[in-house]
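Colleague: pasting the sequence and the predicted coordinates here, then a few questions.
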Number of protein chains: 2
Amino acid sequence: MSNPTAAILVIGDEILSGRTRDSNLHFLAQELTRIGIALREARIVGDVHAEIVEAVRALSGKYTHVFTSGGIGPTHDDITADAVAEAMGAAIGHRADAMALLQAHYDRAGLPFNEARQRMARIPEGATLIDNPVSTAPGFTIGNVHVMAGVPKIFEAMVASVLPKLTGGPPLLSQSLRVNRGEGEIAAEFGALAAEFPDLSMGSYPFIQNGAHGTNLVIRGTDPGRLDAAMVRLTRLFG
Amino acid sequence: MSNPTAAILVIGDEILSGRTRDSNLHFLAQELTRIGIALREARIVGDVHAEIVEAVRALSGKYTHVFTSGGIGPTHDDITADAVAEAMGAAIGHRADAMALLQAHYDRAGLPFNEARQRMARIPEGATLIDNPVSTAPGFTIGNVHVMAGVPKIFEAMVASVLPKLTGGPPLLSQSLRVNRGEGEIAAEFGALAAEFPDLSMGSYPFIQNGAHGTNLVIRGTDPGRLDAAMVRLTRLFG
């Protein structure tokens, strides 16, 4: 497939410790599939400067887009903006446009625009801001890296601002067939069918239900006609 | 912390396409935390040989343990065993011990031990088998890489066989305090407290509930006395 590609980098100790379960990855995966950007890799690293720098460099060199989630708040463990700036070779400081947005927000709320809150105006030079309709503190895009908040409501709102600006490919379609047979029973014929349709991707996902083995067969691709043709064959084989 | 470290590599197109939501990562994160192995990184890659090889090499060189999930079944898209063998520089073939286990299993079930099912006996030379009490087809450990199935029930059973054999550190403990204030309000004092306890890790996780901002403050470490001391201070500040 020649669709644009993407990776997501989730930043935060709380996922790796098992304390919270990430939902941003799954949300972004679904949104990208819809607009025809192929999510190829995901990484989760902790709140460690060198790890974030290394991951951003590796992923931004390899994929059309990188989306990051987490670490752009006001506390000492929010180090994403500085790490992304370093990875992309950009200077970073309190940017006037972000300072003005936040100042106005806290003035309206009658809250002090203190030093911690000012940290959220640290934006790399040359980045464009990503709108945050939930709590104002902006994300940003620098090069092919889109830096967004970790709180799911804010992450999702930022994704909604960013995605319409990106060029997707044809939507990544999928069709599936659920069969009440184990993978080992259908593997040979399914593999032969996959070899006949090299332009499609075919995967089999086993499950166990009430002690019985079953398999979900999934066909993915961008050409609806080819998908339909493959599904006809699949249904004839196992339907 | 001098605890042993780990990474998890989840293999499979179905997570990246948004079709299914991974649960193995979260499960393993909790289990490792309990036995004092620090999960430092997670990666998800698709069913692509070169990507799996590269990720296994990078992670096995960097962490005490690597756990993989997915891609060890009988179908054409199950390519994990071959990729791990290549990454670890080991030959791979149908191993007699795995063949015997599977032959006995399918004989008992009255099912043919066909070519596809025999694929599941492809195990790298020098690896030790990981018991699969759910559906027999084994995982394996080679070097510091533990290769397990993606189906959650089987993954969890394999984790239960593997973890007791590993040397953990002191359990990674955490305590948390929920405060009904935004991060920007508590950031300065919380950051100063974190600086006073460099042996502990302190993170703040904002949330929005009924339109109001709140923050979960989490302290992690291995020394229960230090955790208690920090929590007393934290509760005095924000409780």
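Modeller: Received the coordinates, thanks.
Colleague: domain parsing for chain A?
Modeller: A:5-165, A:173-238 (automatic domain parsing).
Colleague: please state the offset of stretch A:8-26 from the chain centre?
Modeller: 12 Å (C-alpha atoms, centre = their mean, to the nearest Å).
Colleague: list the buried residues in that stretch.
Modeller: A:8-22, A:24-26 (16 or more other C-beta atoms under 10 Å in any protein chain shown). Just so you know, the C-beta spots here come from the backbone N, C-alpha and C atoms, and that holds for glycine as well.
Colleague: now, those residues that are in strands?
Modeller: The members of these that map onto strands under DSSP state E are A:8-11.
Colleague: what segments of chain A are helices?
Modeller: For chain A, applying DSSP state H gives helices covering A:13-16, A:24-35, A:49-62, A:80-87, A:96-109, A:115-118, A:152-162, A:183-196, A:224-238.
Colleague: quick one: the fourth one to chain centroid distance?
Modeller: Right, helix A:80-87. Put simply, helix A:80-87 sits 18 Å off its chain's centre (C-alpha atoms, centre = their mean).
Colleague: is that helix anywhere near chain B?
Modeller: No: applying C-beta under 8 Å from any C-beta of the partner chain, one finds helix A:80-87 separated from chain B by no less than 13.2 Å.
Colleague: elements contacting that helix?
Modeller: If contacts are counted by 3 or more C-beta pairs under 8 Å, 6 or more residues apart in numbering or on different chains; DSSP states H and E, helix A:80-87 sits against helix A:49-62, strand A:92-94, strand A:122-124, strand A:139-142, strand A:145-148.
Colleague: thinking again about what came up before, a markdown table for the domains of chain A, including mean pLDDT?
Modeller: Output for these, formatted as a markdown table (pLDDT from 0 to 100):
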| stretch | mean pLDDT |
| --- | --- |
| domain A:5-165 | 96 |
| domain A:173-238 | 95 |
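Colleague: tell me which of those domains is the most buried.
Modeller: With neighbours taken as mean count of other C-beta atoms under 10 Å in any protein chain shown, those reach their highest mean count in domain A:5-165, at a mean of 20.
Colleague: got the end-to-end distance for it?
Modeller: In domain A:5-165, first residue to last residue: 15 Å (C-alpha to C-alpha, to the nearest Å).
Colleague: same thing with stretch A:41-58?
Modeller: Distance between the boundary residues of stretch A:41-58 (C-alpha to C-alpha) amounts to 11 Å.
Colleague: beta partners of the closest residue in space to residue A:28 that isn't next to it in sequence?
Modeller: Of all residues not flanking residue A:28 in the chain, residue A:8 sits nearest, at 5.5 Å (C-beta to C-beta, 6 or more residues apart in numbering or on different chains). With DSSP bridges as the criterion, residue A:8 is bridged to residue A:42, residue A:67.
Colleague: what residues are up against residue A:8?
Modeller: By C-beta atoms under 8 Å, 6 or more residues apart in numbering or on different chains, the contact list for residue A:8 reads A:24-25, A:28-29, A:39, A:41-43, A:66-69.
Colleague: could you tell me how far it is located from residue B:43?
Modeller: According to C-beta to C-beta, to the nearest Å, residue A:8 stands 11 Å off from residue B:43.
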